[in-house]
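Novice: What follows is a predicted structure for the sequence shown.
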Amino acid sequence: MRIQARERPLADIARGRRLLACNQHNSQHFRCRLCGDTLSHRGEIMIEAILPADVAAVDTFDDPPDAVLLPGEEQIIGSSVEKRRREFITARHCARLALARIGVPPTPILSGESREPLWPSGVVGAITHCAGYRGVVVAPSSRVTTVGIDAEPNEPLTNGVLEAVALPDERIHVAELLEARPEIRWDRMLFSAKESVYKSWFPLARRWLDFEDAVVTMRPGSAGALAGDFEARLLVTGPRVDGKRVTGFTGRWLVDHGLILTAIVVPVAVSTGPSHTRVSVDAR
């Protein structure tokens with residue numbers, strides 16, 4: 001069966017992102033990549049454009065000075081370099097803001113054996129960060145089964161990385177997309193989509209998923225669009241969800257502010273409506 005989550009129409013996404021104007025900056029937590037000044041986010045959270053209504057998200061382009069760690073979190077970050085500390089502290093700060101949006105009070109977010117975030121009981125979520133961006137998505141586990149997100153710069157992968165993460169057919173797929181739409185770094189998009197697949201997979205399977213264990217197909221959407229969707233077909237046996245075998249994931253992507261964002265959300269309830277994102281499962 002296919003499980004879907006409500007999404008904003010793709011046609012609305014790029015139009016909504018254009019409301020960020022360099023002459024209207026007034027927030028201390030968001031910074032324009034064009035002029036470097038602080039930016040009014042006007043209530044918009046960038047990753048929300050590719051997320052369903054059932055989740056809560058918070059993202060930022062800066063590290064707010066009021067972000068702090070809660071008991072137990074300092075031990076996780078330990079003696080890490082300053083860059084890693086800033087990423088970690090801001091991500092936990094964003095996580096608590098996102099949790100507040102679904103009614104969960106501030107709580108330490110520790111890490112599991114595989115370095116995955118340990119969310120409060122009754123919550124699923126995912127964290128991502130890269131240079132200039134941190135984002136968090138959470139949801140009640142009564143409504144969402146799992147979620148995966150990833151952010152990457154819209155820049156080429158370094159030499160050798162594509163060969164390490166992509167299957168032969170995927171490398172052909174990337175080359176074709178780069179020729180048709182060179183303004184989007186489809187090699188980096190593939191990497192990001194596979195990161196989102198892994199983050200969605202792990203809470204369900206509790207085991208590793210290698211890059212070669214899923215084949216990803218990216219769909220560009222309409223001509224010139226900077227948003228679209230992707231599908232990942234698992235090449236290994238997936239876990240069971242509600243008694244049915246997971247065979248793949250479907251997600252959405254967005255390119256904005258020099259970044260590539262990918263997201264997968266698997267809802268608990270089964271829906272067959274036409275405006276949804278899917279996760280593939282079968283009854284074996």
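Specialist: Done, it's in.
Novice: How much space separates the residue most central in space within the chain from E74?
Specialist: Centroid-nearest residue in the chain: I149, 1.6 Å away (criterion: C-alpha atoms, centre = their mean). Using C-beta to C-beta, to the nearest Å, we find I149 at a distance of 25 Å from E74. Yep, even glycine has a C-beta here, placed from its N, CA and C like the rest.
Novice: again with S114
Specialist: With distances taken as C-beta to C-beta, S114 is found 20 Å from E74.
Novice: burial count for I89?
Specialist: Using other C-beta atoms under 10 Å, I89 has 19 neighbouring residues.
Novice: S114 and E74 - which one has more neighbours?
Specialist: Taking other C-beta under 10 Å, S114 and E74 do not tie; E74 has more neighbours (14 against 9).
Novice: V246 and V265, how far apart?
Specialist: Counting by C-beta to C-beta, the gap from V246 to V265 is 14 Å.
Novice: Sort out which residues of stretch 194-214 are buried, please.
Specialist: 194-205, 209, 211, 213-214 (16 or more other C-beta atoms under 10 Å).
Novice: Stretch 227-243 now?
Specialist: Residues of stretch 227-243 classed as buried: A227, G228, D229, F230, E231, A232, L234, G238, P239, V241 (neighbour count, 16+ other C-beta under 10 Å).
Novice: So which bits of the helix or strand hosting the residue nearest to the centre of the chain are buried?
Specialist: Using DSSP states H and E, I149 maps to strand 144-153. Under the neighbour-count criterion of 16+ other C-beta under 10 Å, strand 144-153 has V144, T145, T146, V147, G148, I149, D150, A151, E152 buried.
Novice: What is the most widely separated pair among those residues?
Specialist: Longest distance between any two of the buried residues of strand 144-153 is 24.6 Å, between T145 and E152; criterion C-beta to C-beta.
Novice: circling back to that earlier point, in strands only, show me the buried residues of stretch 227-243.
Specialist: A227, G228, D229, F230, E231, A232, L234, V241 (DSSP state E).
Novice: Put together JSON lines for those residues, with distance to R86 and pLDDT on each row.
Specialist: Shown next, in JSON lines, are those (distance: C-beta to C-beta, whole Å; pLDDT from 0 to 100):
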{"residue": "A227", "distance to R86": "29", "pLDDT": "94"}
{"residue": "G228", "distance to R86": "31", "pLDDT": "95"}
{"residue": "D229", "distance to R86": "32", "pLDDT": "96"}
{"residue": "F230", "distance to R86": "30", "pLDDT": "98"}
{"residue": "E231", "distance to R86": "34", "pLDDT": "98"}
{"residue": "A232", "distance to R86": "31", "pLDDT": "98"}
{"residue": "L234", "distance to R86": "35", "pLDDT": "97"}
{"residue": "V241", "distance to R86": "36", "pLDDT": "89"}
